[in-house]
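Peer 1: my questions concern the predicted model and sequence given below.
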Amino acid sequence: MPTALGLTTDTKTSPPTGSMGYKDSSRTMGSNQRLDTISKRNHAAAHEMETLLWRAFCDSPDAAKEYLAEDCVMINPMFNPEKSSKPMSKDTDPSIEQALKEAKRFTGFRFHGTPLVVEIDLMAVALVYKVTLYRHSRKGGVREITASVSSSWRQTAGADWLLCAMHVQKAEAEEGDETDGYGEGDFSD
C-alpha cells in the first residue's frame, strides 16, 4: 500500500522497464524493491537537460552558460580554442566561458539511441551516450562528427538542474555507424 511519500510495501513485482524505455532505477539491483517516482522524474530531467544543452551549443554556445554550474569542469575539444583535450574550468586558461564565447556553432545534433542515465544521489544524475554533430562546411556539404559524451548534473534547491562535469571525446567508428567518427580529421572547420 502506498504511503504519503509514494513508497510502497507491495511485494508484487512489475516489469523493470519504464515507459520511456530506460531501465527503471526506482528499483534496487538486488531486491527489486520499489523506491519512489523521483527516480523517473530524475531520468526524464536528465534527458531533457542534455537535449537543451546541445540545442544551446548549436544555437549559441555562449548562451549554454546558463546550464553550467559555477564550478563546472569540462573536457571538450570541440569548444576548446586550442582544440585540445585539456581540462577546463572557470579558473583555467582558457576558461569554459572563454571557450564557449569563441566556439563555432553546429548546425544540429543527433543522439545515438537513448542516453544511459544513472542516479548518483537524490538530486544528481550522470549520463553516457554517443552523439553526432553536424556543421555546414565552408567547402560545401555537411560535416558529421561523432563523439562519446559523459556528463553529470545536480539539482539546486530551486529545482534547476546544472551541469557539473562534461567529457567529450571523438568516437571510434563502429560497425553500422553512418559516420566514420572523425569527420574530416578534427573538430575544426
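Peer 2: That came through fine.
Peer 1: distance of Ala56 relative to Glu119?
Peer 2: From Ala56 across to Glu119, the span is 24 Å (C-beta to C-beta, to the nearest Å). Placement of C-beta: from N, CA and C, glycine included.
Peer 1: ditto for Tyr134
Peer 2: Going from Tyr134 to Glu119 by C-beta to C-beta gives 31 Å.
Peer 1: and the gap between Leu53 and Gly141?
Peer 2: 26 Å.
Peer 1: and these two? which has more neighbours close in?
Peer 2: Legend: neighbour count by other C-beta atoms under 10 Å for Leu53 and Gly141, higher for Leu53 (20 against 9).
Peer 1: shouldn't the more buried one be within a helix?
Peer 2: Yes. With DSSP: H, G, I helix; E, B strand; the rest coil as the criterion, Leu53 is part of a helix.
Peer 1: so who does it touch?
Peer 2: Listed by C-beta atoms under 8 Å, 6 or more residues apart in numbering, the contact set of Leu53 reads 64, 67, 151, 163.
Peer 1: check which helix or strand covers the third one.
Peer 2: Secondary-structure assignment from DSSP states H and E places Ser151 in strand 142-155.
Peer 1: list the strands paired with the helix or strand following that strand, with their directions.
Peer 2: Next along the chain after strand 142-155, taking DSSP H and E as the criterion, comes strand 161-170. Take DSSP bridges as the rule and strand 161-170 pairs in its sheet with strand 68-75 (parallel), strand 142-155 (antiparallel).
Peer 1: what's the most buried one of these?
Peer 2: Among the strands paired with strand 161-170, ranked by average contacts under mean count of other C-beta atoms under 10 Å, first place goes to strand 142-155 (a mean of 19).
Peer 1: want to throw the strands paired with strand 161-170 into CSV with mean pLDDT and distance to Leu100?
Peer 2: Output for these, formatted as CSV (pLDDT from 0 to 100; distance: least, C-beta to C-beta, whole Å):
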stretch, mean pLDDT, distance to Leu100
strand 68-75, 96, 8
strand 142-155, 94, 15
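Peer 1: quick one: the strands in the protein?
Peer 2: Shown for the chain, the strands assigned by DSSP state E span residues 68-75, 108-111, 116-121, 124-136, 142-155, 161-170.
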